[in-house]
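> Got a predicted model here, sequence first, then my questions.
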Amino acid sequence: YGGQGEILQAARRLVTEAREGRWNERDVEVDLTEAEFESRLSYPVSVDLVIRTSGELRLSNFLLWQTAYAELIFLNKLWPEISREDWDLCLEDYASR
């Protein structure tokens, strides 16, 4: 999986649909909404919170479209080390924003 590839694949789907006559140039310029484009993604759901583990401070090409407005929390622990307390602290942090 790669977020950039997913966005490119969605754009290619639109091109295919246009070639099939389901879209014309005006439709794309005027009627194509973010939600319409998002519906062509592999995972067409917006994400509210990203908890990035392992001490990395990047998204690593993960769900780029879906995380555009997500809140981000970075933890300096590997995923198997995350405790219930860590999870609760992340949710408290998110709820306080």
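Everything's here; your move.

> And residue 90, which helix or strand is it part of?
Using DSSP states H and E, residue 90 maps to helix 84-95.

> Off-centre distance for that helix?
Helix 84-95 has its C-alpha centroid displaced from the chain centroid by 21 Å (C-alpha atoms, centre = their mean, to the nearest Å).

> again, but for stretch 54-61
On C-alpha atoms, centre = their mean, the centre of stretch 54-61 falls 14 Å from that of its chain.

> Start and end of it, how far apart?
16 Å (C-alpha to C-alpha, to the nearest Å).

> got a list of contacts for it?
Stretch 54-61 is contacted from outside by 2, 3, 4, 50, 52, 67, 74, 75, 76, 77, 78, 79, using C-beta atoms under 8 Å, 6 or more residues apart in numbering. For every residue, glycine as well, the C-beta is placed using N, CA and C.

> Buried ones in it, by neighbour count?
Within stretch 54-61, no residue is scored as buried using 16 or more other C-beta atoms under 10 Å.

> looking at this protein, which residue lies furthest from center?
residue 21 (28.6 Å; C-alpha atoms, centre = their mean).

> Alpha carbons only: can I get stretch 33-51 in CSV?
The C-alpha trace of stretch 33-51 is given here as CSV (Å, rounded to 0.1, in the frame of the first residue of the first chain):
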residue,chain,number,x,y,z
THR,A,33,-16.2,17.2,-5.3
GLU,A,34,-13.7,16.0,-2.8
ALA,A,35,-16.3,13.5,-1.6
GLU,A,36,-16.8,12.3,-5.2
PHE,A,37,-13.0,11.8,-5.7
GLU,A,38,-12.7,10.2,-2.2
SER,A,39,-15.2,7.6,-3.2
ARG,A,40,-12.7,6.3,-5.7
LEU,A,41,-10.0,5.7,-3.1
SER,A,42,-9.3,2.2,-1.8
TYR,A,43,-10.2,3.3,1.7
PRO,A,44,-12.8,6.1,1.3
VAL,A,45,-13.1,7.2,4.9
SER,A,46,-11.6,10.2,6.6
VAL,A,47,-9.4,9.6,9.6
ASP,A,48,-9.7,11.7,12.8
LEU,A,49,-6.7,10.6,14.7
VAL,A,50,-3.3,9.0,13.7
ILE,A,51,-1.2,7.5,16.5
